[in-house]
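In: what would the 3D arrangement of this be:
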Amino acid sequence: MNWKQAQAVYGAVGEEALAQFKSGLYCAESVLLALAKFQDISSELIPAIATGFCSGVARTSGPCGAVSGAIMGLSLAYGRNTGGESLDQAYLAAQRFLKRFNAEFGSTNCAGLLNCHLGTPEGQETFKKNDLYKKCFDYAVRASELAAELIDPHPIRVLVLCTGNSARSVMGEVLINALGEGRWKAYSAGSHPTGQVNPLTLELLREKGHRTEGLRSKSWDEFASPTASKMDLVITVCDNAAGEVCPVWPGGPRKIHVGFPDPAAATGSHEDQLAEFRRVYAMIEEKIKRLIELGPDRIGEIG
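Out: Take a look at the predicted model:
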């Protein structure tokens, strides 16, 4: 399943939540039921256990019901059954969901999203008068999609290429993996790999707090075999690699060129050279943040 197919699967979960919402269930109930079905979980307790969380936790202006239902759906996947089990995976999934939902809508609170308090007659009147239920539909759909992606993650696979695979492409690989929060998985390679990662690259990455274990300089041929992981996106970061004839990548990934200066060409003292690596790192970081913000469907807007 490639990234586009995965998005269709997550979209189907959102459609299920919308259908349940329109059938008479409310936000938290609809989202939890859709996510339970997604995980092949069936119980007479679903969606009843979500009822009290609808309308901003029973009209108390608490968290959005769609948000509550999504976190309960995530707990079905990552929650624990005994006190001796770790909380980490469930907490991390909930944190990632909340971060992404808030980034899209500006709030995770019912009143904040609707600009009215459903616990008051005035708020309920505003809700009806302005057809705000349509917003609730949107929140339920998107909450379901975001949670489904975290439950069944299909990371966007990216191959970062340059000639030697010793500096820029390695920085790109590390930054995508760090900033992608599990939703992006990056690899790097070179058309004519040097065989080792530039020591200044490793020094810089450690300085920035990145792990460097396992990083190596390798040929792009490793990713062109029929058994290799299929990429969703191939990025060239040096003009030489962009101009060379690339192998045929399995799966027909999208391709984009975003060029950066070669920090390995810097001269002078060790500190002078490291300063150039820092400068190029900052340039790559800016573009990677933009890439993750836009997503693979809008890579042409990276600039």
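
In: what residues does stretch 70-78 touch?
Out: Residues outside stretch 70-78 that contact it (C-beta atoms under 8 Å, 6 or more residues apart in numbering) are 28, 31-32, 34-36, 38-39, 41, 49-50, 53, 89-90, 93-94, 97-98, 101, 143-144, 146-147, 150-151. C-beta coordinates here come from the backbone N, C-alpha and C atoms, glycine included.

In: one more pass at 7 Å, please.
Out: The contact list for stretch 70-78 (C-beta atoms under 7 Å, 6 or more residues apart in numbering) reads 31-32, 35-36, 39, 41, 50, 89-90, 93-94, 97, 143-144, 146-147, 150-151.

In: which residue ranges of the stretch 101-250 of the chain form strands?
Out: 156-162, 184-190, 233-236 (DSSP state E, counting those that start in this stretch).

In: out of the ones you listed, indicate the one that is most buried.
Out: Per residue and on average, the most neighbours among the strands of the stretch 101-250 of the chain fall to strand 156-162, with a mean of 26 (mean count of other C-beta atoms under 10 Å).

In: now it - C-alpha only, PDB.
Out: The C-alpha coordinates for strand 156-162 follow below in PDB (Å, rounded to 0.1, in the frame of the first residue of the first chain):
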ATOM      1  CA  ILE A 156       5.600   8.900   3.700                       C
ATOM      2  CA  ARG A 157       8.900   7.400   2.400                       C
ATOM      3  CA  VAL A 158      11.500   9.800   1.100                       C
ATOM      4  CA  LEU A 159      14.800   9.100  -0.500                       C
ATOM      5  CA  VAL A 160      17.200  12.000  -0.300                       C
ATOM      6  CA  LEU A 161      20.000  12.000  -3.000                       C
ATOM      7  CA  CYS A 162      23.200  13.700  -3.700                       C
END
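
In: re the thing from before, so which of the contacts of stretch 70-78 are in helices?
Out: If you go by DSSP state H, the contacts of stretch 70-78 have 31-32, 35-36, 89-90, 93-94, 97, 143-144, 146-147, 150-151 in helices.

In: centroid-nearest residue for this protein?
Out: Centroid-nearest residue in the chain: R183, 3.5 Å away (criterion: C-alpha atoms, centre = their mean).

In: against R142, how distant is that one?
Out: 15 Å (C-beta to C-beta, to the nearest Å).

In: how about the residue nearest to the centre of the chain: what's its closest non-neighbour residue?
Out: P155 (5.8 Å; C-beta to C-beta, 6 or more residues apart in numbering).
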